[in-house]
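K.L.:
predicted model, plus sequence, below.
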Amino acid sequence: MTIQHAAVDVVIVGAGAGGGITAMTLAERGLRVVCLEQGAWVIDTDRPHASLDWEWTRQAQWALSPNVRRRKSDYPVETDDSKAFMWNAVGGSTNLYTGTWPRYRPSDFRKGTEHGLAPDWPISYEDLVPFWQKADEDYGISGVAGDPAMPPDQTAFPSRPLPRGENGRLNAAALDKLGWHWWPMPTSIIADPYRGRPGCNNSSACFAGCDIGAIGNTAVTHWPRAIAAGAELRTNARVERVETNDAGRAIGASYIDTQTGQRHFQPASVVVVACNGIGTPRLLLMSKSERFPNGLANSSDQVGRNLMHHTLGFVDMWVDAPTESFMGAIATPIICEEFAETDVSRGFVNGITLHFIRQQGAGFQALGAFSNNRAPWGKGHHEHFRRHFGHGMTILVYGDDLPHPDNRITLSETETDSSGLPAAKLDYKPSENDRRLSDWGLERAVDVARALGAFDVKVNNLRDASGHYRPNAWHLLGTARMGKTADMSVVNAWQQSWDVPNLFIIDGSVMTTGGAINPTSTISALSYRAAENLADRFAIAARGASMLA
């Protein structure tokens, strides 16, 4: 027997950045909103921070990949190609992200015009500026406005920048020596108290989330407001289908209570899917029907295709001077955008950015930091550790990978989640352009190591012994992308399905290209824009006009 709930204006699937922003925006505009989240609230006292074995706990029960954690709220991802990063809970992956907050660049929205190997977005950089500013205010972004590498439209950040420390000071000096641009990294980590949240205590455990709330996790920044405005959030609610009627319109979501096994149906006038670049195509493909035999909203055959991770590589380096690499928020010192734009003389299109990050605690550093440069066991262990610990720095090389239709999410034929629903299957191979871009970027990071006079340098290009590139799939983008026409995209410029007019997708899967930086700032801006437009449509409908025109 299925429990039938009272109809609402909007049902949202997923309580991460996209879902949280949408729920808050719609509820504060007076709409009846229900959000279904297959995970639960994260209790901060359960985080690894207070445990003596916190570094091990972070690598196990709090690992970035669901295939390692294997919690009941997770679903597996069948893949040999990458290590998917996602967290199923209120706040989604903002529970474990590092809060790195740069914006996309104007050129990111017009790659079709620039080089033709990716399509143009149906919107421009300028369309998102007011929504980036709204996101900066609500998350509480720290940083310094006026970066000369970006357009001069960034207003002052709510928080002063976090301390760069010795890590940032040394790397900035090396970049000055090379004549390359650098700027303090904007982050969603506040330096001082802001809207009831405390400032960062520089614990360097950001990859296990923040147990004090200094990181802008939507469970802290958006969901309290959404609930106060009347939004209903149901946790442990695993959606198995978006249901449609004979006219092809969405009528609500069917879900399973993972604690009891009870099935429910939540009817709604509009359905918003906000499950990330893996979960969203998985749900759309599971929602196939006689009218939609290839999956919901998939007449273009683009659902699940064009997966982008970014090309990611690490260069660890160790210098004689102390770097305090175990102190401070992990990803905040500085960013170099010297090579962010396309320069075809390099032998590829798109660009890279260099992110200067810290190496976390003693256990993580002893196990090789980001490049597996492990301290030897037995003889020489203490000497190696004394020489390296507290003297290391890491450069994360971000590359803008090209969207490709064969990089995709489909449904697994062999693996299921704890409710018996098919797992996602992930296939991803970098193009030759992506490989050239990544290798060139790693060479630039080694240039910085030389400028620093590093006594030890290790490069991790994320290729295994057979040469297979297996990136850390921290970013899950493009699998339900927006576009100008229905034949090459899943949603339009307002993130509205071309096929199902009362279905909206509000998460990173709509991104047309990936940029060479972290996407959460831009995902958030897109979410504000789409949610406010949706609220406006309801207001129009209240006056008797069609909200879906």
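P.N.:
Received the coordinates, thanks. Numbering: from 1, shown residues only.

K.L.:
so what's the most centrally placed residue in the chain up against?
P.N.:
Nearest to the mean C-alpha position of the chain, counting by C-alpha atoms, centre = their mean, stands residue 475 at 4.6 Å. Residue 475 sits next to 85, 277, 308-310, 508, 514, 518-519 when contact means C-beta atoms under 8 Å, 6 or more residues apart in numbering. (Glycine included, C-beta is placed from N, CA and C.)

K.L.:
quick one, phi psi at it?
P.N.:
Main-chain torsions, residue 475, degrees, to the nearest 10: phi -120, psi 130.

K.L.:
mind listing what the closest residue to residue 159 other than its chain neighbours touches?
P.N.:
What sits nearest to residue 159 in space, not counting adjacent residues and going by C-beta to C-beta, 6 or more residues apart in numbering, is residue 142, at 3.7 Å. With contact taken as C-beta under 8 Å, 6+ apart, residue 142 is in contact with 157-162, 186-191, 332.

K.L.:
gap between residue 142 and residue 329?
P.N.:
9 Å (C-beta to C-beta, to the nearest Å).

K.L.:
before we move on, the earlier item: who wins for most neighbours among the contacts of residue 475?
P.N.:
When neighbours are counted by other C-beta atoms under 10 Å, residue 277 leads the contacts of residue 475 with 32 neighbours.

K.L.:
now do the host helix or strand of it: which elements does it pack against?
P.N.:
When secondary structure is defined by DSSP states H and E, residue 277 falls within helix 276-286. Using 3 or more C-beta pairs under 8 Å, 6 or more residues apart in numbering; DSSP states H and E, the elements in contact with helix 276-286 are strand 237-244, strand 263-273, strand 408-416, strand 422-427.

K.L.:
tell me the buried residues in the third one?
P.N.:
Using 16 or more other C-beta atoms under 10 Å as the burial criterion, the residues of strand 408-416 that qualify are 408-412.

K.L.:
now the longest one
P.N.:
When neighbours are counted by 16+ other C-beta under 10 Å, the buried residues of strand 263-273 are found to be 264-273.

K.L.:
which one of the buried residues of strand 408-416 is nearest residue 53?
P.N.:
residue 412 (32.9 Å; C-beta to C-beta).

K.L.:
okay, now the sheet partners of the helix or strand bottoming out on mean pLDDT in the chain, with direction.
P.N.:
The helix or strand of the chain with the poorest confidence is strand 472-473; it has a mean of 72 (mean pLDDT, DSSP states H and E). Paired neighbours of strand 472-473 in the sheet (DSSP bridges): strand 83-84 (parallel).

K.L.:
quick one on the thing from earlier: identify the farthest-apart pair in the contacts of residue 142.
P.N.:
Farthest pair in these, by C-beta to C-beta: 158 and 332, 15.3 Å.

K.L.:
for the two, indicate the residue with more neighbours.
P.N.:
residue 332 (33 against 18).

K.L.:
doesn't residue 191 make contact with the more buried one?
P.N.:
No: when contacts are counted by C-beta atoms under 8 Å, residue 332 is not listed as touching residue 191 (9.7 Å).

K.L.:
got the confidence number for the closest residue to residue 79 other than its chain neighbours?
P.N.:
Distances taken as C-beta to C-beta, 6+ apart place residue 426 nearest to residue 79, at 3.8 Å, with adjacent residues excluded. We note a pLDDT of 96 for residue 426 in this prediction.

K.L.:
what's the burial count for residue 426?
P.N.:
26.

K.L.:
same question, the one 3 residues further on
P.N.:
Neighbour count for residue 429, taken as other C-beta under 10 Å: 13.

K.L.:
how about it, secondary structure?
P.N.:
coil (DSSP: H, G, I helix; E, B strand; the rest coil).

K.L.:
so who does it touch?
P.N.:
81, 404, 406-407, 469.

K.L.:
out of these, which is most surrounded?
P.N.:
Neighbour max across the contacts of residue 429 (other C-beta under 10 Å) = residue 407, 25 neighbours.

K.L.:
how is the residue lying closest to residue 315 once chain neighbours are set aside assigned, secondary-structure-wise?
P.N.:
With C-beta to C-beta, 6+ apart as the criterion, residue 315 has its nearest non-adjacent residue at 3.9 Å, and that residue is residue 445. Under three-state DSSP, residue 445 falls in the helix class.

K.L.:
residue 271 contacts residue 244, correct?
P.N.:
No: in this structure, residue 271 is not within contact of residue 244 by C-beta under 8 Å, at 9.2 Å.

K.L.:
now do the shared contacts for these two.
P.N.:
Shared contacts of residue 271 and residue 244, counting by C-beta under 8 Å, 6+ apart, come down to residue 250.

K.L.:
for residue 456, see how far away the residue lying farthest from the centre of the chain is.
P.N.:
With distances taken as C-alpha atoms, centre = their mean, the residue sitting farthest from the centre of the chain turns out to be residue 379, at 41.6 Å. Counting by C-beta to C-beta, the gap from residue 379 to residue 456 is 18 Å.

K.L.:
now swap in residue 480 and tell me
P.N.:
44 Å.

K.L.:
neighbour-wise, which of the two wins?
P.N.:
The neighbour count for residue 480 versus residue 456, taken as other C-beta under 10 Å, is higher for residue 480 (30 against 16).

K.L.:
any idea how far the more buried one is from residue 492?
P.N.:
For residue 480 relative to residue 492 (C-beta to C-beta), the value is 12 Å.

K.L.:
show me where the stretch 251-400 of the chain has its helices.
P.N.:
Assigned by DSSP state H, counting those that start in this stretch, the stretch 251-400 of the chain shows helices spanning 276-286, 362-366, 381-388.

K.L.:
so which of those gets nearest residue 538?
P.N.:
Comparing the helices of the stretch 251-400 of the chain by C-beta to C-beta, helix 276-286 comes nearest, at 22.4 Å.

K.L.:
kindly export that closest one (C-alpha atoms) in CSV.
P.N.:
Extracted in CSV, the C-alpha atoms of helix 276-286 (Å, rounded to 0.1, in the frame of the first residue of the first chain):
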residue,chain,number,x,y,z
ASN,A,276,23.6,16.2,-8.5
GLY,A,277,25.2,15.2,-11.8
ILE,A,278,24.9,11.5,-11.0
GLY,A,279,21.6,11.3,-9.0
THR,A,280,19.6,13.5,-11.4
PRO,A,281,20.2,11.5,-14.6
ARG,A,282,19.8,8.3,-12.5
LEU,A,283,16.3,9.4,-11.3
LEU,A,284,15.3,10.6,-14.8
LEU,A,285,16.3,7.3,-16.3
MET,A,286,14.5,5.3,-13.6
